[in-house]
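1. sharing a model prediction with you, sequence too.
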Amino acid sequence: MSVTDQAFVTLATDDVYCQGALVLGQSLRNHKTSRKLAVLITPEVSSGMRSVLSRVFDEVIEVDVLDSADSVHLALMQRPELGVTFTKLHCWTLTHYSKCVFMDADTLVLCNVDELFDREEFSAAPDSGWPDCFNSGVFVFQPSLKTYRLLLQFAAEHGSFDGGDQGLLNSFFSNWATADIGKHLPFLYNLSSSSVYTYVPAFNHFGRDAKVVHFLGATKPWNYKYNLQTKRIMQDGTTSGSFHQLSFLALWWNIYSASILPLLEKLQKMEESESEECKHAFNGVEVTLKKVSPYVAGSLQKPELPEQTNEVNPTACSSEELTSKANEVAHSVSELSIHYIPAQPTPEDERRKWEEGRMDYMGKDAFEHIKKKLDAFLH
Ligand SMILES: O=c1ccn([C@@H]2O[C@H](COP(=O)(O)OP(=O)(O)O[C@H]3O[C@H](CO)[C@@H](O)[C@H](O)[C@H]3O)[C@@H](O)[C@H]2O)c(=O)[nH]1
Ligand SMILES: [Mn+2]
């Protein structure tokens, strides 16, 4: 049975967050949701990415960026990028749905969670940092232009105590903590991946019933590297995380490599290609598949090659054979990673830099370049 007037809704304001939205959407599909899937995007999202999104989502809806412009609070949080999360408020404008469940693009469902639609606005799970607040990564809401306008008005008058949508929504739906326990979603519907270690015995006891994982915080699954052969997160000196955290991250990448990668057409051919490194770029994101030596990846011991001798030993491999075997394994580790492509500065950006006295003396603002420009101008 499909319910066409209810939807899961997520948000992606750039091509990198789109990778998260795609994995979330795919996880909902894998667990056979009967509801529609909608994604809110902003003009920055590239057309290539929009068409990939439309293969997973029923609706791809463009909205304007709504910035909190509250730089003081955001600076306090050391998370200046969160202003865009105000764009979330647009979800209340989706009035062609009678009820929706909003999910952050950095969440992942582990089973079917359609029963969330039995709840009413405003239902959410406690935040692990301050449990009298809800976390705004998963919530049940009812689209309404009236509520949307009230939220905008509230935002303009009161701002947000954390500079993001979570502070605003908690102030707006301020009786959440006390009024109706039916609006408290169990923590299992928004399990922050960090609580795996903040309360280990609880995780060991309840963790197996987790329904939604939320990778909240500054480091997202797409900031890790993934080994396509071992299906594990690539670990280097800087990777930290418990076994369970790494398992959740690996699950994200399993879905990404199995279902999303094939949708990025050019990438499909990457694995078959001979070259050491393949890149696929959309507007703001570059997905790289790099064939790395497993010795570098730290997963294999380098085999000892026998000394060259003139003796003939019919049972031993020739050193040539061994070298080619070594090369075979050496080529079998493919490291998958996702990177932002830094935006090209616009002429206005360049001018502002000059006016602020931040010139690139060693590079394009070096004297010889300026002299050339002057010469060209004068002649
Ligand atoms: O550049 C961005 C940043 C965020 N988002 C969207 O907004 C969501 C929230 O941002 P996120 O980076 O996931 O924030 P969290 O690390 O989860 O931090 C917390 O704080 C945010 C701001 O209050 C809340 O939105 C989150 O739900 C809450 O968990 C993302 O999942 C995306 O859907 C974008 O599309 N582009
Ligand atoms: Mn989040």
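-> Happy to help now that I have it. Ligands and ions are numbered 1, 2, ... in the order given.

2. residue contacts, residue 224?
-> When contacts are counted by CB atoms under 8 Å, 6 or more residues apart in numbering, residue 224 touches 233, 234, 239, 249, 253, 337. Placement of C-beta: from N, CA and C, glycine included.

3. please pick the buried ones from the residues you listed.
-> Restricting those to buried positions leaves 233, 234, 249, 253, with burial counted as 16 or more other CB atoms under 10 Å.

4. of those, closest to residue 177?
-> residue 249 (31.2 Å; CB to CB).

5. excluding residues flanking it in the chain, which one is nearest residue 84?
-> residue 13 (4.8 Å; CB to CB, 6 or more residues apart in numbering).

6. related to what we said a few turns ago, need the contacts of residue 224 in a markdown table (columns: pLDDT and secondary structure).
-> Written out in a markdown table, the entries for these read as follows (pLDDT from 0 to 100; DSSP: H, G, I helix; E, B strand; the rest coil):
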| residue | pLDDT | secondary structure |
| --- | --- | --- |
| 233 | 92 | strand |
| 234 | 88 | coil |
| 239 | 70 | coil |
| 249 | 95 | helix |
| 253 | 96 | helix |
| 337 | 89 | strand |
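
7. so in terms of bridging, what pairs with residue 192?
-> For residue 192, the residues forming beta bridges with it (DSSP bridges) are residue 214.

8. which residues does it contact?
-> Taking CB under 8 Å, 6+ apart as the test, what residue 192 contacts is 128, 135, 214, 216, 217.

9. and ligand 1, which of these reach it?
-> Of the residues in the contacts of residue 192, proximity to ligand 1 by CB under 6 Å from any ligand atom holds for 135, 216, 217.

10. between those, which has the most around it?
-> With neighbours set by other CB atoms under 10 Å, the maximum within the ones next to ligand 1 among the contacts of residue 192 is found at residue 135, which has 26 neighbours.

11. and that residue, helix, strand or coil?
-> When classified by DSSP: H, G, I helix; E, B strand; the rest coil, residue 135 comes out as strand.

12. quick one, what contacts it?
-> Neighbours of residue 135 in contact, by CB under 8 Å, 6+ apart: 124, 125, 126, 127, 128, 166, 190, 192, 214, 216.

13. quick one: stretch 11-26 near ligand 1?
-> Yes: with CB under 6 Å from any ligand atom as the criterion, ligand 1 is reached by stretch 11-26 at 11, 12, 13, 14, 17.

14. any part of that stretch near ligand 2?
-> No: for stretch 11-26, no contact with ligand 2 is found by CB under 5 Å from the ion; the gap never falls below 8.5 Å.

15. please name the nearest non-neighbouring residue to the closest residue to ligand 2 within the stretch 51-200 of the chain.
-> When you check the stretch 51-200 of the chain against ligand 2 by CB to the ion, the closest residue turns out to be residue 104, at 3.5 Å. Closest residue to residue 104 in three dimensions, ignoring its sequence neighbours and counting by CB to CB, 6+ apart: residue 137, at 4.0 Å.

16. secondary structure class for the closest residue to residue 222 other than its chain neighbours?
-> Residue nearest to residue 222 in three dimensions, not counting chain neighbours: residue 338, with 4.3 Å by CB to CB, 6+ apart. Following three-state DSSP, residue 338 is assigned to strand.

17. wait, what's in contact with residue 338?
-> Counting by CB under 8 Å, 6+ apart, the residues that residue 338 touches are 16, 19, 222, 223, 285, 286, 287, 288.

18. for the record, mean pLDDT for the top strand by length along the chain?
-> When secondary structure is assigned using DSSP state E, the longest strand within the chain turns out to be strand 3-12. When pLDDT is averaged along strand 3-12, the result is 96.
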